[in-house]
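A.B. asks: Predicted model and sequence follow; I will ask about them next.
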Amino acid sequence: MHNAEHNRERPLLGIGQIVLATALFAGHDTLSKHLGGIYPLVMVVWARYAVHSLLMLGLFAPRHGRALLRSRRPGLQLARALCLLGSSLLFTAGLRFIPLAEATAVNFLAPLLVAALSAPLLGERVTPAQWLAVGVSFVGILCIVRPGSQLFDPAILLTMGSACCFAGYHLITRKLSGIDDARTSNCLTGLLNCLALSALLPFFWTTPRLEHALLALGMGSFAMLGHLLLTHAYRHAAPTLLAPFSYAQIVFAGLVGYLLFGNLPDAFAQLGMALICASGLAMAHLQRLAPPAPRLRERTT
């Protein structure tokens, strides 16, 4: 295990890395939205995981060999992969109907759902203040999808479903913490999802144009690099310090959505996104004030 105390002495580097990661994730979502309007959904999401898997194997397999794919809890790894696959499919489908900024904001319900579900599923204590933060986030969702707005549409359920799947992904990731190495988890997730979608791919295949194939390569690369930056960011700063900066993704999504797609959230939608961000920031602050949980011994490949 690396010297964590030494790594955490560089918080500015960790903050810079997580902000860059959110920009890459916003870029990934932008390309997903663009390609999802041209090619079948299964094909777009398959390309994301295919590139992810190839990059992971190229970077880590030469050093770690078969140990990279060895898990102590394969059942949990499969469930984790399926949760992320469900989130990817639902979110990409939702982007066909929902503007990028609003869809990103709704997907940020996931960390708050994790806090709400960690009590019954993981046995963790959730304080009344944390429940209040969760409630405020749902008020934010109501502002975004209020009756009479353009987003008061059944399609918003796709992004809400994505947030629920993403929350499940995070909960299982927390369960796997200290059991499997993060590189093993990320590699297995990419490979399992790539294999699952490969079985469906012949039914949806459309030969892409060269420029679209390059965009798909960039989409998968953005996702992979974003996850690598997240991993490195948490080596340099505590998660409670970095969590608020993850909401920069909503800002990047709003900027890109306006510049490329001409989507500008109305005043109520902006208020809703602000409430979701504020509740997430409050949750991060409450977690920072909470007494530290017993630390699990980390296993490495």
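C.D. replies: Perfect, thanks for sending it.

A.B. asks: Can you tell me the element the nearest residue to residue 200 once chain neighbours are set aside falls in?
C.D. replies: Closest residue to residue 200 apart from its sequence neighbours, by Cβ to Cβ, 6 or more residues apart in numbering: residue 42 at 5.1 Å. C-beta: built from backbone N, CA, C; applies to glycine. Applying DSSP states H and E as the criterion places residue 42 in helix 41-64.

A.B. asks: So what touches that helix?
C.D. replies: The contact list for helix 41-64 (Cβ atoms under 8 Å, 6 or more residues apart in numbering) reads 28, 32, 35-36, 68, 85, 88-89, 92-93, 183, 186-187, 190-191, 193-194, 197-198, 200-201, 203-206, 208, 216-217, 219-221, 223-224, 301.

A.B. asks: Dump whatever helix or strand residue 135 lives in to CSV, keeping only the CA atoms.
C.D. replies: For residue 135, the enclosing helix or strand under DSSP H and E is helix 128-144. What follows is helix 128-144, C-alpha atoms only, in CSV (Å, rounded to 0.1, in the frame of the first residue of the first chain):
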residue,chain,number,x,y,z
PRO,A,128,-31.5,13.7,10.4
ALA,A,129,-29.4,16.4,8.7
GLN,A,130,-28.4,14.0,6.0
TRP,A,131,-32.0,13.0,5.5
LEU,A,132,-32.8,16.7,5.2
ALA,A,133,-30.2,17.0,2.5
VAL,A,134,-31.8,14.1,0.6
GLY,A,135,-35.2,15.7,0.8
VAL,A,136,-33.8,19.0,-0.5
SER,A,137,-32.3,17.2,-3.5
PHE,A,138,-35.8,15.8,-4.3
VAL,A,139,-37.2,19.3,-4.2
GLY,A,140,-34.6,20.2,-6.7
ILE,A,141,-35.7,17.4,-9.0
LEU,A,142,-39.3,18.6,-8.7
CYS,A,143,-38.1,22.1,-9.8
ILE,A,144,-36.5,20.6,-12.9
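
A.B. asks: now the angle from the next helix or strand after it to helix 128-144?
C.D. replies: The C-terminal neighbour of helix 128-144 among helices and strands, as given by DSSP H and E, is helix 156-176. Relative orientation of helix 156-176 versus helix 128-144 (axes from the mean of the first three to the mean of the last three Cα atoms, to 10 degrees): 150 degrees.
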